[in-house]
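S.K.: 3D model of this:
(one chain, ligands or ions: 3)
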Amino acid sequence: MDIGGLETVVANSAYVSARGSIDGAAAATMRDKKYRSKLNLPHIRQCEQMKTIVDTSFDSMCVRQPIGKRLFQQYLESEADYKNPVDLWKDIEDYIVAQENDRAKKAQKIVNKYYESSSKNFCDFLGDKAVSRVKEDFKNIRGDLFKESEQQLLVHLEAKALTGFKDSMYFLRYVQFKWLESQPVAEDWFMDFRVLGKGGFGEVHACQMKATGKMYANKKLNKKRLKKRKGYDGAIIEKRILAKVHSRFIVTLAYAFQTKTDLCLVMTIMNGGDLRFHMYNVDEKNPGFNETRACYYTAQIICGLEHLHQHRIVYRDLKPENVLLDDAGHVRLSDLGLAVELPPGKDKTQGYAGTPGFMAPELLQKKEYDYTVDYFTLGVTLYEMVAAKGPFRCRGEQVDNNEVTRRILNDPVSYPPTFSQELKDLCEGLMEKDPEKRLGFKNNECAELKNQSFFKELNWGRLEAGMLPPPFVPDPKMVYAKDIDDVGAFSTVKGVVIDNKDDEFYTEFATGNVPIPWQEEMIETGVFGELNIWGQNGKLPNDLDP
Ligand code: ADP
Ligand code: MG
Ligand code: MG
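M.R.: Numbers count the residues shown, from 1 in each chain. Ligands and ions are numbered 1, 2, ... in the order given. Modelled structure (predicted):
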């Protein structure tokens, strides 16, 4: 073996062993003690300023932020008045993530306990209509069975319990965690593992947050290369959009910081490689996926697109290469560098962006467009997943971009005889040249698209809850990335000088911890539990004792 090959073997083995030990409790053993000890709650006297600036709106603090929600629920549990609502809240959450065969039993229990006026746990804040609807419907074990009740529950809690929470020691604890969350992070908090891929401005490495042991991917953007190639706008847009979306179908940004040479985006690590690799490189004699597998990935991609579009974001760069697999075989959208956000009141955008062979006709014609372009790229992606070639290219054909554009604008797509009618219908609905007629995002959702007969066997509720088993599980010992030598090095950037103005931009970019993923990490790795200690016999713990 040559030195390069050896380097890959060594790097792979460190990376595989770090990633294998990260599920749940094992993460604790991978932590760096020195960094773990830096994660400490400050005395509450240190948080006076934080107290005045934390976001205390109910939805953000008590529902969306994972640590805020935990502490709010702990407060509710400490007050007899809120025992029933908090128990109902937790039982509903438990129902949503339960397996279907457990749901009927759980639903029955919830109904008996909280929905019957004769029960001692009866929740009288639930509206009569919601109660009767649940009672009529609970045998259908739908994922959203209790949605209306949960909303009423939250309205009730906001009205009755929010003030009490803000006066309680649980709120002070929330403020302490927000203080800790606001502390700066830098390069030294992360240990780098091997390179996973190469981007336009730098490499993406596997890395491990030293204090918690959690693995992430670190996408590095070289400052000089960014400046030379005018990448600042794209970098800040990608960062803002990644920090804003929270979906199991899109990679999540957890940290943004800078080093002397790079801007760094630390995000969900996707160890399973990209769809393009799985289509063409796993079984070279038999490229592409069967329809069941393509159906599953397409459904997860649709969930990701729907989330982006609900947040007014046009993705523009959907293609197999940008769809990544995680350890379990679920997929997420990645590489949001070409995405744009439609500002309030503006429903269309413009601009040539995307990958040749995938771009929608209206975009190629330089017209204004909106989310519709992403459903055209979805059609191209789906077609390619099954046909193992793009719809506007023959296999192995070298063809220039103008010809591809001409075909997209003018030529009908021809389908291999192996395509089922359902698949063909769906591809046609998505690759419809007229954006008005194309399947897609309507009335703020993708309901019509999800109802296409290609998906008739698919349980969307379970898929959206992350409970539907993937059709393929990546091998935990395998490294789905190129050998280190084959990743390719960057040439050095010459003739670029970084000045004060650049530094201002870097500071704007390097916002540190992203609240929701940071809080999830603290909970999931057990750090939250280790820090959230209360005094004995109703006494305040030292750090909250004024
Ligand atoms: P660019 O925008 O510069 O093209 P990408 O975001 O596509 O950069 O990242 C470059 C490569 O790094 C990808 O093709 C992929 O191989 C790898 N990569 C990117 N993000 C992740 C991730 N979250 N997990 C694992 N690998 C990733
Ligand atoms: Mg890319
Ligand atoms: Mg990009």
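S.K.: Next, count neighbours for the closest residue to Val86 other than its chain neighbours.
M.R.: Spatially, and ignoring its direct neighbours in sequence, Val86 is nearest to Leu76 (3.8 Å; CB to CB, 6 or more residues apart in numbering). (Each C-beta comes from the backbone N, C-alpha and C, glycine too.) Leu76 has 24 neighbouring residues, counting by other CB atoms under 10 Å.
S.K.: Which positions in the helix or strand containing Gln152 come out as buried?
M.R.: Taking DSSP states H and E as the definition, Gln152 sits inside helix 147-166. By 16 or more other CB atoms under 10 Å, the buried positions in helix 147-166 come out as 148-150, 152-154, 156-158, 161-162, 164-165.
S.K.: tell me the least confident of these?
M.R.: pLDDT across the buried residues of helix 147-166 is lowest for Glu148, at 91.
S.K.: quick one, what contacts it?
M.R.: Neighbour list for Glu148: Gly127, Ala130, Arg133, Val134 [criterion: CB atoms under 8 Å, 6 or more residues apart in numbering].
S.K.: Filter those down to the buried ones.
M.R.: Applying 16+ other CB under 10 Å to the contacts of Glu148 flags Ala130, Val134 as buried.
S.K.: ok, back up a step: max pairwise distance over the buried residues of helix 147-166: which two?
M.R.: When CB to CB is used, the two most widely separated members of those are Glu148 and Gly164, lying 25.1 Å apart.
S.K.: part of a helix, is the residue nearest to Val86?
M.R.: Yes - assigned with DSSP: H, G, I helix; E, B strand; the rest coil, Leu76 falls within a helix.
S.K.: Let me see the ranges of the strands in this structure.
M.R.: 190-198, 203-209, 215-222, 253-258, 262-267, 313-314, 323-325, 331-333, 340-341, 512-513 (DSSP state E).
S.K.: Would you mind giving these as TSV with distance to Asp425, mean neighbour count and mean pLDDT added?
M.R.: Putting these into TSV (distance: least, CB to CB, whole Å; neighbours: other CB atoms under 10 Å; pLDDT from 0 to 100) gives the following:
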stretch	distance to Asp425	mean neighbour count	mean pLDDT
strand 190-198	35	20	93
strand 203-209	37	23	95
strand 215-222	37	23	96
strand 253-258	37	23	98
strand 262-267	36	24	98
strand 313-314	25	24	98
strand 323-325	22	24	98
strand 331-333	23	24	98
strand 340-341	30	16	96
strand 512-513	46	18	97
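S.K.: Identify whichever of these lies nearest to ligand 3.
M.R.: Ranking the strands of the chain by proximity to ligand 3 (CB to the ion) places strand 215-222 first, at 8.9 Å.
S.K.: Can you name the residues of the stretch 1-150 of the chain sitting close to ligand 3?
M.R.: Residues of the stretch 1-150 of the chain lying close to ligand 3 by CB under 5 Å from the ion: none are found.
S.K.: Tell me, how many residues neighbour the residue lying closest to Glu428 once chain neighbours are set aside?
M.R.: Counting by CB to CB, 6+ apart, Val413 is the residue found nearest to Glu428 once chain neighbours are left out, at 7.3 Å. Val413 is flanked by 18 other residues according to other CB under 10 Å.
S.K.: right, and Val413 touches Pro391 too?
M.R.: Yes - assessed by CB atoms under 8 Å, Val413 is found in contact with Pro391 at 4.6 Å.
S.K.: Now do the shared contacts for the two.
M.R.: Going by CB under 8 Å, 6+ apart, residues that sit against Val413 and also against Pro391 are Tyr383, Cys427, Met431.
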